[in-house]
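Enquirer: Predicted model follows, preceded by the sequence.
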Amino acid sequence: MDTLLAVRARGITKRFGDVVALDGVDLAVTQGRIHGLVGPNGAGKTTLLGLLLGLAVADGGSLEILRTPIGRALAAPDGVAGFVDGPGLYPSLTARQNLAALAALRGRAAGVEEALDQVGLTDVADDRAGGFSLGMRQRLGLAAALLTRPRLLVLDEPSNGLDPAGKRHVHGVLRQLAADGTAVVLSSHRMDDLEALCSEVTVLATGRVVFSGPLDELAAENGALDYRLLTSDPAAARRVAAGTAGVRVADDSGERLVVRAPVPALDALMVRLVQAGVAVRELAPVVSPLEAAFLALTDQQHAEAR
Ligand SMILES: Nc1ncnc2c1ncn2[C@@H]1O[C@H](COP(=O)(O)OP(=O)(O)OP(=O)(O)O)[C@@H](O)[C@H]1O
């Protein structure tokens with residue numbers, strides 16, 4: 001099983017002076033999977049991604065990337081590409097020239113046109129990168145990473161600045177890479193991106209892993225959620241909700257009630273509403289199950305740290 005791991009980190013610690021950025025972090029990323037890294041600001045995501053890219057070394061713990069143990073030297077391990085804090089580009093060169101320069105540095109000229117095409121920048125390939133929007137720079141950075149045909153791609157908030165079409169395009173590229181066997185590790189603050197892309201997720205809070213596993217397990221971790229409920233008879237619905245075990249009316253100030261309930265109690269409420277002749281017109285979680293689980297995990301960690 002371990003032979004399928006692109007990243008295996010155990011007990012990683014990293015300090016900056018008095019700040020403990022990573023505190024005993026374990027991470028396992030399987031080849032051919034897209035692994036999301038989430039957490040509040042300052043949780044340690046960029047620090048961890050930087051270690052995977054060889055931009056810094058850990059103070060403690062062990063790290064294996066593509067089955068090679070990482071020592072103390074600052075170097076990008078073979079087969080790894082990506083960027084943190086935005087891609088490094090030459091602003092005075094065009095997109096095509098940027099990629100050609102990188103390809104030449106690596107001693108191979110092929111692949112530039114393919115990489116431009118993959119990220120949808122062919123039409124602006126002869127524009128200077130210095131004039132590019134954030135989203136276009138992100139795409140060019142991704143193209144630069146693709147040039148190396150990585151087996152591990154590491155990206156810090158790759159959806160930043162992308163418009164919806166750009167995002168769809170980039171997501172498609174990442175999915176195809178994963179289908180071809182590349183492991184992708186990316187950080188994001190957007191739960192919808194993670195839901196669209198990732199099969200596995202690691203949640204960091206103040207330098208510690210508070211969850212790591214399949215995305216659907218994270219969503220299932222949460223117990224009671226808040227749901228907005230619109231019915232044909234709000235007053236009757238309020239009475240039925242108040243009389244249903246496990247259901248709490250969290251807000252009844254408007255036409256829509258907000259009820260807090262775990263799924264079995266919610267099921268019971270729906271049945272009881274129908275039996276009472278109340279039609280359900282709309283039922284939706286106030287925040288997505290994934291976001292609720294994320295908030296619960298990270299809030300809990302903050303509370304413990306206080
Ligand atoms: N070069 C540095 N020097 C000093 N402190 C640093 C350095 N890099 C990171 N830190 C600190 O380490 C902690 C983790 O930072 P990091 O940038 O990894 O978090 P993050 O999860 O990526 O946050 P964000 O979501 O805001 O990007 C923070 O407290 C940060 O201030």
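Expert: That came through, no problem. Residues are numbered from 1 along each chain as shown.
Enquirer: Would you map out the domains in the chain?
Expert: With domains defined by automatic domain parsing, the chain comprises 1-70+174-216, 225-290.
Enquirer: Quickly check: the first one near the ligand or not.
Expert: Yes - remark: domain 1-70+174-216 sits within contact range of the ligand at 16, 19, 21, 39, 41-47, by C-beta under 6 Å from any ligand atom. From N, CA and C alone the C-beta is placed, and that goes for glycine too.
Enquirer: ranges for the strands of the stretch 201-306 of the chain?
Expert: For the stretch 201-306 of the chain, the strands defined by DSSP state E, counting those that start in this stretch occupy 208-214, 225-231, 248-251, 257-261, 280-285.
Enquirer: Can you spell out which helices and strands pack onto the third one?
Expert: Okay, so that is strand 248-251. Counting by 3 or more C-beta pairs under 8 Å, 6 or more residues apart in numbering; DSSP states H and E, the packing neighbours recorded for strand 248-251 are helix 234-242, strand 257-261.
Enquirer: mind running it again at 10 Å?
Expert: The elements that strand 248-251 packs onto, with contact taken as 3 or more C-beta pairs under 10 Å, 6 or more residues apart in numbering; DSSP states H and E, are strand 225-231, helix 234-242, strand 257-261.
Enquirer: ok, now the first one?
Expert: In this structure, strand 208-214 makes packing contacts with strand 19-30, strand 34-38, strand 200-205, helix 215-220, helix 289-305, judged by 3+ C-beta pairs under 10 Å, 6+ apart.
Enquirer: Please find the angle between the direction vectors of it and strand 34-38.
Expert: 150 degrees (axes from the mean of the first three to the mean of the last three C-alpha atoms, to 10 degrees).
Enquirer: Please point out which parts of stretch 113-124 sit buried.
Expert: For stretch 113-124, burial by neighbour count (16 or more other C-beta atoms under 10 Å) applies to 115-116, 118-121, 124.
Enquirer: Run through who's touching it.
Expert: 94-96, 99-100, 102-103, 111, 125, 127, 129, 131-132, 136, 138-149, 165-166, 168-170, 172-173, 176-177 (C-beta atoms under 10 Å, 6 or more residues apart in numbering).
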